[in-house]
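Asks: show me how the following folds:
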Amino acid sequence: MKMLLMVYDAEFDDEVMAALARLPLAGYTKWDRVLGKGRRSEPKLDDAVWPGFNCAVAVAVDDETEEAAFRELQGLFTRLGGKGFSVFELPVLKVI
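Replies: Next up is the predicted model:
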């Protein structure tokens, strides 16, 4: 099992939610108004100097769904132009 953590510009929220809706996922956790800076983006600190903010979504995927989910998100990354959208794949060692 893996955890996919997506961090993206809030303006891409509709596209990300649509991509997740196309996948056979049990659920997800979403955070709004996430602040920070990525490798391919300017800071998003929701202030006068660095306006804007991100969203983050975490979704656990089983082995059967992992590849399809990653392909869908890779396609979204490409459609968004490769900026303002990151996906991190993390191992899930235990679940309670």
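
Asks: and the helix-or-strand element of the chain with minimal mean pLDDT, what does it pack against?
Replies: Every helix and strand in the chain was compared by mean pLDDT, DSSP states H and E; the lowest is helix 63-79, with a mean of 93. If contacts are counted by 3 or more C-beta pairs under 8 Å, 6 or more residues apart in numbering; DSSP states H and E, helix 63-79 sits against strand 2-9, helix 13-21, strand 85-91. In this view, the C-beta of every residue, glycine as well, is placed from N, C-alpha and C.

Asks: buried residues in it?
Replies: Thr65, Ala69, Leu73, Leu76, Phe77 (16 or more other C-beta atoms under 10 Å).

Asks: same check on stretch 45-59?
Replies: Going by 16+ other C-beta under 10 Å, stretch 45-59 has these buried residues: Gly52, Phe53, Asn54, Cys55, Ala56, Val57, Val59.

Asks: same deal with stretch 11-29?
Replies: Along stretch 11-29, these residues count as buried under the neighbour rule (16+ other C-beta under 10 Å): Phe12, Val16, Ala19, Leu20.

Asks: convert that stretch to PDB, retaining C-alpha atoms only.
Replies: What follows is stretch 11-29, C-alpha atoms only, in PDB (Å, rounded to 0.1, in the frame of the first residue of the first chain):
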ATOM      1  CA  GLU A  11      -6.500  27.200  -8.800                       C
ATOM      2  CA  PHE A  12      -6.000  23.600  -9.900                       C
ATOM      3  CA  ASP A  13      -8.500  22.200  -7.300                       C
ATOM      4  CA  ASP A  14     -11.300  21.400  -9.700                       C
ATOM      5  CA  GLU A  15      -8.900  19.500 -12.000                       C
ATOM      6  CA  VAL A  16      -7.400  17.500  -9.100                       C
ATOM      7  CA  MET A  17     -10.800  16.600  -7.700                       C
ATOM      8  CA  ALA A  18     -12.000  15.500 -11.100                       C
ATOM      9  CA  ALA A  19      -9.000  13.300 -11.600                       C
ATOM     10  CA  LEU A  20      -9.500  11.700  -8.200                       C
ATOM     11  CA  ALA A  21     -13.200  11.100  -9.000                       C
ATOM     12  CA  ARG A  22     -12.200   9.000 -12.000                       C
ATOM     13  CA  LEU A  23     -10.300   6.600  -9.800                       C
ATOM     14  CA  PRO A  24     -11.700   3.700  -7.700                       C
ATOM     15  CA  LEU A  25     -10.600   5.300  -4.400                       C
ATOM     16  CA  ALA A  26     -12.200   4.700  -1.000                       C
ATOM     17  CA  GLY A  27     -11.500   8.300   0.100                       C
ATOM     18  CA  TYR A  28      -9.000  11.000   0.700                       C
ATOM     19  CA  THR A  29      -7.900  13.700   3.100                       C
END
